[in-house]
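A.B. asks: Sequence and computational prediction follow.
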Amino acid sequence: MVKPFRRSARAETPQPESAPAPAVSIAPIPIPDHDPLIGYLLGAGGPVDIDKIEKIELDSPAVRELRQAGVHLVVPLISQGELIGTLNLGKRLSDQPYSGDDRKLLRGLAAQVAPAIRLAQLVQQQEAEAKERERIEQELRVAALIQQTLLPKELPALAGWEIDAYYRPARAVGGDFYDFIPMTNGRLGLVIGDVTDKGVPAALVMATTRSTLRAAAQRSDDPGAILAEANDVLVDEIPPAMFVTCLFGVLEPATGALTFANAGHNLPYVRTADGVIELRATGMPLGLMPKMVYDVKTAVLEPEASMLLTSDGIVEAHGPDGSMFGFGRLMGLVGSTSNATALTTSILAELDRFCGDDHEQEDDVTMVTVRRTPSAAVSAQGFDVGFDVIERFTLPSEEGNERQVMERVGSTAARLGLGADRLERLKTAVSEAAMNAIEHGNGFDPALPVEVTVLRGGDRLVVRLEDHGTGPETRDAEVPDLDAKLAGEQSPRGWGLFLIEQMVDGLRHYAAEGKHVIELEMSMEGAS
């Protein structure tokens with residue numbers, strides 16, 4: 001209930017007839033909502049004597065305060081059945097009791113004053129609401145500006161990959177964010193998050209989280225360690241009632257490997273040749289508790305696979321009947337579209353159709369889509385772009401065929417003008433790589449061929465060999481140590497990769513389309 005009872009009331013204090021005293025003001029006396037005096041005054045409907053109220057033993061703190069203040073007559077101001085105030089009067093200056101005419105006059109006065117006060121209250125309330133709306137709208141403009149300033153201005157350009165991002169804020173701006181962070185060895189950090197709360201507080205926490213994650217990513221390439229460091233910072237930095245859900249992934253463009261950790265965020269969906277899968281990893285949201293540990297998982301995005309990262313603004317959107325958009329509907333859309341930009345467009349179209357034309361967006365809508373194109377089977381350097389295929393052939397995985405691979409590649413390289421010394425080095429590397437493909441990749445199975453491609457781009461020659469094995473992990477070759485091998489401290493194998501790496505100018509190996517690929521690069525050094 002509105003408490004308009006803090007109004008001054010005029011009290012009449014008896015004075016000697018020879019020296020009439022001027023009227024004095026009584027301090028406003030509020031009447032609490034639970035005080036029984038309110039109900040009594042509403043029932044009385046007209047002026048009420050304090051003495052009369054005391055006689056009925058009404059347990060009212062307000063009555064006692066009025067009595068102590070010298071009030072003798074209370075005139076209720078009632079508008080539309082609601083007590084909006086009172087006129088409190090002391091004794092008459094003449095020391096005579098209030099007459100019937102006095103009471104009639106006061107009743108009529110109250111009937112005119114009450115609507116005027118009520119109108120003034122409504123105007124005052126509207127002015128306060130207008131100022132509050134203006135304050136909120138200004139806050140939302142500031143929050144939106146913070147978000148728009150910090151979101152990436154450009155999408156990463158990766159050979160063999162399509163990346164798209166979309167952000168549509170709700171009217172009450174939330175704390176959604178996404179980011180792309182360049183990392184060591186050509187890898188890319190993928191980030192999507194959502195801050196609880198809305199407006200400027202959420203936008204400021206979003207800014208803090210983004211900068212914290214970027215700083216942590218400069219010190220580590222482990223997504224679990226990055227989230228753990230950010231969590232420990234945010235525990236002390238953000239208000240107790242707020243937290244941040246966040247997914248951090250590290251994408252290796254050459255292999256399609258995605259290493260990721262999840263701090264309570266929506267699961268990524270990946271469209272594969274066998275259907276749509278979820279990438280699961282467990283972890284508490286950021287900023288809730290210190291010293292959290294985050295699971296780290298790894299998945300491989302094969303060529304033509306696509307991945308969707310979202311916040312909860314899509315799945316928690318409501319239709320006109322109150323139903324939610326839901327995870328199942330979103331997963332179905334991921335399975336029906338492969339192109340990154342087309343997937344974003346189809347989700348938005350279905351979301352708008354589901355919610356209806358007149359719906360007001362409840363939360364931010366944020367999406368990051370990543371697709372590995374068929375051409376991603378080449379390495380991150382993109383040898384299918386700016387390189388010409390000079391020769392391509394296959395041979396069965398039979399012992400001795402490594403020499404045929406070596407001779408055919410050597411003949412082609414010699415024809416292109418590769419110098420004699422470098423040619424012998426290349427042939428040695430190709431022979432060793434072909435032997436590895438035949439023996440370890442295809443297990444001497446003649447039904448599994450070794451595929452060989454020779455490419456040239458400017459002064460660079462690349463030989464690509466593909467087999468059906470998983471291949472070694474992408475890492476630097478272990479430097480063989482004869483004593484360590486004899487002592488059993490190193491594997492008796494492992495010379496091949498080291499030898500190949502010493503023979504050529506560049507070595508890359510990765511998985512693509514279910515195959516293991518190794519690429520040997522040699523500079524032509526001025527060959528025509």
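C.D. replies: On my side now, so go ahead.

A.B. asks: Show me how the protein divides into domains.
C.D. replies: What the record gives for the chain is the domain set 9-123, 151-373, 388-523, from automatic domain parsing.

A.B. asks: Quick one: the helices in the stretch 151-300 of the chain, in order.
C.D. replies: Taking DSSP state H, counting those that start in this stretch as the criterion, the stretch 151-300 of the chain carries its helices at 199-217, 223-237.

A.B. asks: Nearest to Glu154, out of those?
C.D. replies: Nearest to Glu154 among the helices of the stretch 151-300 of the chain is helix 199-217 (16.0 Å), distances taken as CB to CB. Placement of C-beta: from N, CA and C, glycine included.

A.B. asks: Next, the buried residues of the closest one.
C.D. replies: Residues of helix 199-217 classed as buried by neighbour count (16 or more other CB atoms under 10 Å): 199-210, 212-213, 216-217.

A.B. asks: same check, this time on stretch 85-93
C.D. replies: Gly85, Thr86, Leu87, Asn88, Leu89, Gly90, Lys91, Arg92.

A.B. asks: can you check stretch 423-434 too?
C.D. replies: Going by neighbour count (16+ other CB under 10 Å), the buried part of stretch 423-434 is Leu423, Arg425, Leu426, Lys427, Thr428, Ala429, Val430, Ser431, Glu432, Ala433, Ala434.

A.B. asks: now, which of the residues you listed lie within helices?
C.D. replies: Of the buried residues of stretch 423-434, the ones assigned to helices by DSSP state H are Leu423, Arg425, Leu426, Lys427, Thr428, Ala429, Val430, Ser431, Glu432, Ala433, Ala434.

A.B. asks: Tell me how far the fifth one lies from Ile500.
C.D. replies: What that stands for is Thr428. Distance from Thr428 to Ile500, counting by CB to CB, to the nearest Å: 8 Å.

A.B. asks: got the buried residues of stretch 423-434 as TSV, with distance to Asp388 columns?
C.D. replies: Converted to TSV, the buried residues of stretch 423-434 look like this (distance: CB to CB, whole Å):
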residue	distance to Asp388
Leu423	19
Arg425	22
Leu426	18
Lys427	21
Thr428	25
Ala429	21
Val430	19
Ser431	24
Glu432	26
Ala433	21
Ala434	22
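
A.B. asks: I'd like to know which of those is nearest to Glu162.
C.D. replies: Closest to Glu162, out of all of the buried residues of stretch 423-434 and judged by CB to CB, is Ala433, at 30.8 Å.

A.B. asks: got the contact list for the closest one?
C.D. replies: Taking CB atoms under 8 Å, 6 or more residues apart in numbering as the criterion, Ala433 is in contact with Val463, Leu465, Gly496, Ile500, Ile518, Leu520.

A.B. asks: what about Met439, neighbour count?
C.D. replies: Actually, residue 439 is Glu rather than Met. Residue neighbour count, defined by other CB atoms under 10 Å, stands at 16 for Glu439.

A.B. asks: Three-state assignment for Ala120, please.
C.D. replies: Secondary structure, DSSP: H, G, I helix; E, B strand; the rest coil: Ala120 is helix.

A.B. asks: Looking at it now. What's its pLDDT?
C.D. replies: For Ala120, the model assigns a pLDDT of 85.

A.B. asks: number of nearby residues for it?
C.D. replies: The burial count for Ala120: 12, using other CB under 10 Å.

A.B. asks: Next up, the contacts around it.
C.D. replies: By CB under 8 Å, 6+ apart, Ala120 lies in contact with nothing.

A.B. asks: Next one: it relative to Glu129, how far apart?
C.D. replies: 15 Å.

A.B. asks: Would you map the strands across the stretch 351-500 of the chain?
C.D. replies: In the stretch 351-500 of the chain, the strands defined using DSSP state E, counting those that start in this stretch lie at 365-372, 388-395, 450-457, 460-467.

A.B. asks: Rebuild these as JSON lines, extending it with mean pLDDT, distance to Ser99 and mean neighbour count.
C.D. replies: JSON lines is the format used below for these (pLDDT from 0 to 100; distance: least, CB to CB, whole Å; neighbours: other CB atoms under 10 Å):
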{"stretch": "strand 365-372", "mean pLDDT": "93", "distance to Ser99": "72", "mean neighbour count": "25"}
{"stretch": "strand 388-395", "mean pLDDT": "86", "distance to Ser99": "115", "mean neighbour count": "14"}
{"stretch": "strand 450-457", "mean pLDDT": "89", "distance to Ser99": "112", "mean neighbour count": "20"}
{"stretch": "strand 460-467", "mean pLDDT": "92", "distance to Ser99": "112", "mean neighbour count": "23"}
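
A.B. asks: Same list (those) but as a markdown table, adding distance to Pro152.
C.D. replies: Below are the strands of the stretch 351-500 of the chain laid out as a markdown table (distance: least, CB to CB, whole Å):
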| stretch | distance to Pro152 |
| --- | --- |
| strand 365-372 | 10 |
| strand 388-395 | 35 |
| strand 450-457 | 30 |
| strand 460-467 | 32 |
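
A.B. asks: Between the buried residues of stretch 423-434, which sits nearest Ser99?
C.D. replies: Ser99 lies nearest to Ala433 out of the buried residues of stretch 423-434, by CB to CB, at 117.8 Å.

A.B. asks: For the closest one, give me the pLDDT.
C.D. replies: Ala433 is given a pLDDT of 94.

A.B. asks: just Ser375 next, same as before
C.D. replies: 56.

A.B. asks: Val74 too?
C.D. replies: So Val74 comes in at 88 (pLDDT).

A.B. asks: Sticking with it, tell me its helix or strand.
C.D. replies: For Val74, the host element (DSSP states H and E) is strand 73-79.

A.B. asks: Pull the distance from that strand to the chain's centre.
C.D. replies: With CA atoms, centre = their mean, to the nearest Å as the basis, strand 73-79 stands 56 Å off its chain's centre.

A.B. asks: Next, the angle from the very next helix or strand once past it to strand 73-79.
C.D. replies: Where DSSP H and E defines the elements, the next helix or strand beyond strand 73-79 is strand 82-89. Counting by axes from the mean of the first three to the mean of the last three CA atoms, to 10 degrees, strand 82-89 points 150 degrees away from the direction of strand 73-79.

A.B. asks: Neighbouring strands - and their directions - for strand 82-89?
C.D. replies: Note on strand 82-89: by DSSP bridges, its sheet partners are strand 73-79 (antiparallel).

A.B. asks: Mind picking the lowest-pLDDT entry from the buried residues of helix 199-217?
C.D. replies: For the buried residues of helix 199-217, the pLDDT minimum is Gly199, 71.

A.B. asks: Can you give me the buried ones in stretch 99-116?
C.D. replies: Arg103, Leu106, Ala110, Val113, Ala114.

A.B. asks: Sort out for me which of these are in strands.
C.D. replies: Among the buried residues of stretch 99-116, no member is found in strands (DSSP state E).

A.B. asks: Just the closest of those to Leu247, please.
C.D. replies: Closest to Leu247 out of the buried residues of stretch 99-116 is Ala114 (60.1 Å), distances taken as CB to CB.

A.B. asks: and the closest one, what pLDDT?
C.D. replies: We have a pLDDT of 84 for Ala114.

A.B. asks: repeat for Lys485
C.D. replies: Per the predicted model, pLDDT is 42 at Lys485.

A.B. asks: ok, now Val293?
C.D. replies: Listed pLDDT for Val293 reads 96.

A.B. asks: List the contacts of it.
C.D. replies: Contacts of Val293 by CB under 8 Å, 6+ apart are Gly224, Ala228, Gly283.
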